[in-house]
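S.K.: My questions concern the predicted model and sequence given below.
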Amino acid sequence: MTHPRLKTDLCELLGIEYPIIQTGMGWVAGPRLTSATSNAGGLGILASATMDFAELTAAVADVKGRTTKPFGVNMRADSADVGDRVQLLIDQQVRVASFAQAPKEALISRLHDGGVLVVPSIGAKRHAEKVLQWGVDAVLVQGGEGGGHTGSVPTTILLPQVVDAVAGTVPVIAAGGFFDGRGLVAALAYGASGVAMGTRFLLTSDSAVPQSVKDYYLSRTVTDTTVSKQVDGVPHRVLNTDLVNELESGRGKLLALPRAAINALKFRKMTDLTLRSMLTEGLAMRKSMELSWTQMVMAANTPMLLKASLVDGHVDSGVMASGQVVGVITDLPTCAELIERIIAEAGVVLNGLTA
C-alpha cells in the first residue's frame, strides 16, 4: 500500500499515481520509455528536440498506442515550428508540455487554452519567480548534480530556495541526484512535490540505449563526470571520456568550432531543416540564452555527439550526458520495477521517521 504522504499535489495535477517524472532526454526518451514510465504510474516525457515535425507526430501516436495514461512532450520554445508542435499537443490532448527554456506568456496561454499543462525546467530562484508570473503550472528545478545542461548550485541548496520563492502556489519538482526512495523522501522534506530523474531512467531495460552503452554507464563512478563548455558552449555535465578530455584540452578547443560547423550541416541533413530555419532558430537561441556567435554554432554539437553514443553506440566518438548519480546505479530494472522499488523504499523511510 502506498504511503499517504506520497500522494502529493503533483499527482493530482498531472493525473498520475506516483510523484515520479522521467525527463525528456534527447535520443533516449522515445515512445517505449515514455509509455513504460506512464504505465508504471509516473509521468513519462517524450523528447522532441531531435525530431522533425513528422517524427514527433508519429512518436505521439506511438505513445498513445502504448498507454492510456498521461504523458508529456519536451519541446524547445525557440524552435522554428514551435507553433505547429503546440497545436499537435493540443489536438492530441497531451497532458504536459515541458520546456528546457521557459516559453513566453503567449505560448503558455495558448497551451492552457488547449488544456495542456506547462512545466518548464529552471536552474535559479529568479527563474522560478519569472515563470510563476507567466502562469506555469509547475516548475522542475535541477541542481548541479544533474546531467546534460546544468548549473553550479547543488540541489540541496537550490531546491529550498525555489520552494520558498514559489511559496506553495505551484508544485515544485526536484531533479539532480535522485535515484531511490530515500531521495524522494528528502525532496518532499525540502518542500518539493515529487522528483524527476534522467540518468536513472536511461539505465532501465525499457530504455532504447544500446546495451554496450548502458554497460559503459554502469562502469562509471560518482567522480567520472565532467561539466564541460566545449560540447556546445554552455555548461553540460557528461561522462568523462577520451573525447571529452580532448575537447577540454587546448587542441580540442582549437578544433571545436570547425567540428561544430560540420555537425551543424549533419544535423540539418538529418532533420530536413532548411538553412534559413536553422539560422532563425540559432539566432533565437543566441538571444534567449545570451550565446556568443561561437557558442551558437557549437550548439549543433549537442544533438550529433549525443546521437553518436546514445543511438549509434559509439562511446569513443560521442558524448554521453549523465548526472553524478551514475556512480551509484548498478542495475537495469524495468520502469515498473524501478518505480515500485522507489515507492516501497520511500514508504519504509517515512514509516521509520514517524515510528
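M.R.: Looks like it came in fine. Numbering: from 1, shown residues only.
S.K.: so where's the stretch 201-350 of the chain shaky on pLDDT?
M.R.: Scanning the stretch 201-350 of the chain for pLDDT under 70 picks out 250-301.
S.K.: can we see that at 90?
M.R.: For the stretch 201-350 of the chain, the stretches flagged by pLDDT under 90 are 228-235, 241-308, 314-319.
S.K.: any idea which helix or strand carries residue 83?
M.R.: In this structure, residue 83 sits in helix 82-91 according to DSSP states H and E.
S.K.: Show me what that helix is packed up against.
M.R.: Under the contact definition 3 or more Cβ pairs under 8 Å, 6 or more residues apart in numbering; DSSP states H and E, helix 82-91 sits against helix 53-66, strand 71-75, helix 105-113. Heads up, the C-betas are built off the backbone N, CA and C, glycines and all.
S.K.: winner for burial among those?
M.R.: Stretch with highest mean neighbour count among the helices and strands packed on helix 82-91: strand 71-75 (a mean of 26; mean count of other Cβ atoms under 10 Å).
S.K.: Please enumerate the helices of the stretch 251-355 of the chain.
M.R.: Under the criterion DSSP state H, counting those that start in this stretch, the stretch 251-355 of the chain contains helices at 275-289, 293-298, 301-310, 335-354.
S.K.: who's in contact with the last one?
M.R.: Counting by Cβ atoms under 8 Å, 6 or more residues apart in numbering, the neighbours of helix 335-354 from elsewhere in the structure are 1-3, 5-6, 18, 20, 22, 33, 36-37, 39-42, 44, 180-182, 184-185, 200-201, 204, 206, 333.
S.K.: What subset of the residues you listed is buried?
M.R.: With burial judged by 16 or more other Cβ atoms under 10 Å, the buried subset of these is 3, 6, 18, 20, 22, 33, 36-37, 39-42, 44, 180-181, 184-185, 200-201, 204, 206, 333.
S.K.: okay, now the domains of this structure?
M.R.: As recorded under automatic domain parsing, the domains making up the chain are 4-210+328-354, 221-321.
S.K.: Now do residue 127 against residue 60, distance only.
M.R.: For residue 127, the distance to residue 60 equals 28 Å [Cβ to Cβ, to the nearest Å].
S.K.: tell me the contacts of residue 243?
M.R.: By Cβ under 8 Å, 6+ apart, the contact set of residue 243 is 305, 316, 317, 318, 319.
S.K.: Now name the helix or strand holding it.
M.R.: Per DSSP H and E, residue 243 falls inside helix 242-248.
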